[in-house]
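K.L.:
predicted structure and sequence below. I'll ask about it afterward.
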Amino acid sequence: MKTLIIRKLIVDERNELFDAQGMRYVEFPSDFGRIREYAAYVLSECPPAFKEGNLLEQQLSEIIKNGIKHGNRSDPRKKLRVWYDLRKRARFIVEDEGEGFTDLDAWNDFYRSRQTALFNEDFDGFLALASYRGPHSTPDDGGNSLVAALEYWNGGIIYNAARNKVGAVRWFTGGSD
Amino acid sequence: MEWTLDDCEGRTTVRMVGDCDLYSAPRFKTAMLRKIEDGARRLLLDMSGVRYLDSTGVGAIICILQAARKSGGELRFSGVSGSPRRVLEMSSILPLMKLEGSMAREARPAGGYR
């Protein structure tokens, strides 16, 4: 029997995912052209088992991209702050200096409609809904990074109250030393 | 990412090589939309040379699927594997993609996309 699974982006300022104690820290200027380089830098000492090909790098790049492009609007004067911990699991906190993800509720509505169309095998409806357009979206945005993020970050992906900081964690089968 | 086009017997095969990411995907999308606009009705996107796919690449694929659908054309994919396949699965796009070859067996065929 098929099951309709609807996940949600949530806001929880006091979530333990925002506890940065013991985490490593780095900050980057908001250079859109260096997003993948930043992700690769953060993961330079990552256990190979966590990388899953290049999936971890890709998912971290998406969070960094959201902070630089949508949060800081690629303003080089604004910094992106990254805390990371790659012991036993991959855990990140990424904070930008933007106004926050004000469209979070609208995105959750979009996601619900999108997944419902898929569940009902309404492929035309799904395609029509397959891209999210917020007030600040560009033609290359589609909200797809967050769709995948909800599945990938199996320990949670949480926003702070200002919605300009994300905490995310992925656990791996068997863990790591 | 780079790509080559091979027109043969009414079908255009597009061989993609490299990273389909936030830097290359917009250019690729524009080229494919132009190809469809210029009358290409049977397209095969060979992704066997793609090792990295991000959400901008996924967005490009969605746009190309939408354009092909609108034009009444046929769009198929081959060589979808590894991390790119996982990204498409997590983005819920894979069921919409008509896959060719052995990879097709693992994809859910119900409904699908013509």
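P.N.:
Received it, and whenever you're ready, just let me know what you need.

K.L.:
from here on, contacts and neighbour counts on C-alpha atoms
P.N.:
Noted.

K.L.:
from B:Leu53, how far out is B:Thr12?
P.N.:
The spacing between B:Thr12 and B:Leu53, counted by Cα to Cα, to the nearest Å, is 22 Å.

K.L.:
swap in B:Thr4?
P.N.:
Counting by Cα to Cα, the gap from B:Thr4 to B:Leu53 is 18 Å.

K.L.:
again, but for A:Thr116
P.N.:
Look at A:Thr116 and B:Leu53: by Cα to Cα, they are 25 Å apart.

K.L.:
give me the more crowded residue out of B:Thr12 and B:Leu53.
P.N.:
More neighbours surround B:Leu53 than the other of B:Thr12 and B:Leu53, with 24 against 19 (other Cα atoms under 10 Å in any protein chain shown).

K.L.:
ok, longest strand in chain B?
P.N.:
strand B:42-53 (DSSP state E).

K.L.:
the following helix or strand past that strand relative to strand B:42-53, how many degrees between them?
P.N.:
Downstream of strand B:42-53, the next assigned helix or strand under DSSP states H and E is helix B:55-71. Between helix B:55-71 and strand B:42-53, the angle comes out at 170 degrees (axes from the mean of the first three to the mean of the last three Cα atoms, to 10 degrees).

K.L.:
are helix B:55-71 and chain A in contact anywhere?
P.N.:
Yes. Using Cα under 8 Å from any Cα of the partner chain, helix B:55-71 reaches chain A at B:55-56, B:58-60, B:62, B:66.

K.L.:
picking up where we left off before, quick check: mean pLDDT of the longest strand of chain B?
P.N.:
Average pLDDT, strand B:42-53: 97.

K.L.:
same deal with stretch B:85-98?
P.N.:
Stretch B:85-98 comes out with an average pLDDT of 93.
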